[in-house]
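S.K.: structure, please.
(one chain, ligands or ions: 2)
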Amino acid sequence: MNDGLFEQLDFEPNALFEKIITGLMERHYCQLPDFLSPGETDALREALLQKYQADQFKKAAIGNRFSEQVQHAVRGDFIYWIEREAASPAERAFLEKVDHLVAYLNRTCFLGIARSEFHYAIYPPGSYYQRHLDVFQNDDRRKLSLVCYLNEPDWRPEDGGNLVLYPGSEQGGGEVVIVPTPGRLVIFESQVLEHEVKAASRERLSLTGWLKTH
Ligand SMILES: O=C(O)CCC(=O)C(=O)O
Ligand SMILES: [Fe+2]
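M.R.: Numbering: from 1, shown residues only. Ligands and ions are numbered 1, 2, ... in the order given. So this is what the prediction gives:
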């Protein structure tokens, strides 16, 4: 038996991942309200706050992580890049969950994802990120954007901080408004879907990353 055939026979369908793929194919995005369990969300929130309180976050910039420009009028968040080698148990578990998704996407959709990068983000009250695409000039490696919200369990729609997606006209246009409730995952095509983070009345916490081709 050749290896390719063996892989096909070995293949276990995964309902959650299939839902993500269907969403991406039909609308360029998908959201799952309970991607992280309350326990996973709490552990990641604690890790985020520990780094924040230890002053390890920095003002987010425009551009990629090696060519940055801080522009307060465009985005007001603070970020901390997660290093795989230094990841805590909660962070490792999260990265492994994403690795499974990536392996599944590569096997079913031939996306050719080879790398990922993740940062925590804190948006202080009143800060926002203007409408944008997650791509940089001369750098098209980002294929999928992935956001998990780590907000406190009592987050309410009135607190604001919505993510607004702007599907193109071939997807019916309009706006898709997503409330950043804890544990929710949003995944979308980085080069296709414009989006915006609205201001919140309280600290807005997230873990954001990109799946890249190289
Ligand atoms: O936090 C979100 O909802 C989206 C963040 C975002 O658009 C970004 O970091 O590029
Ligand atoms: Fe973005």
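
S.K.: how about the one helix or strand Val177 maps to: buried residues?
M.R.: Per DSSP states H and E, Val177 falls inside strand 176-178. With burial defined by 16 or more other CB atoms under 10 Å, the residues of strand 176-178 counted as buried are 176, 178. C-beta: built from backbone N, CA, C; applies to glycine.

S.K.: output the contacting helices and strands for that strand.
M.R.: strand 163-166 (3 or more CB pairs under 8 Å, 6 or more residues apart in numbering; DSSP states H and E).

S.K.: what's the strand holding Val177 in contact with?
M.R.: Strand 176-178 is contacted from outside by 29, 31, 162-167, 184, 186, using CB atoms under 8 Å, 6 or more residues apart in numbering.

S.K.: swap in stretch 89-101?
M.R.: Contact with stretch 89-101 is made by 17, 20, 36, 40, 43-44, 46-47, 82, 84, 87, 116, 118, 146, 148, 207, 209, 211, as judged by CB under 8 Å, 6+ apart.

S.K.: please redo it, this time with the cut-off set to 7 Å
M.R.: Stretch 89-101 is contacted from outside by 17, 40, 43-44, 47, 82, 84, 87, 116, 146, using CB atoms under 7 Å, 6 or more residues apart in numbering.

S.K.: what are the buried residues along that stretch?
M.R.: So for stretch 89-101, counting by 16+ other CB under 10 Å, buried means 90-91, 94, 98, 101.

S.K.: among these, which are in helices?
M.R.: Counting by DSSP state H, those place 90-91, 94, 98, 101 in helices.
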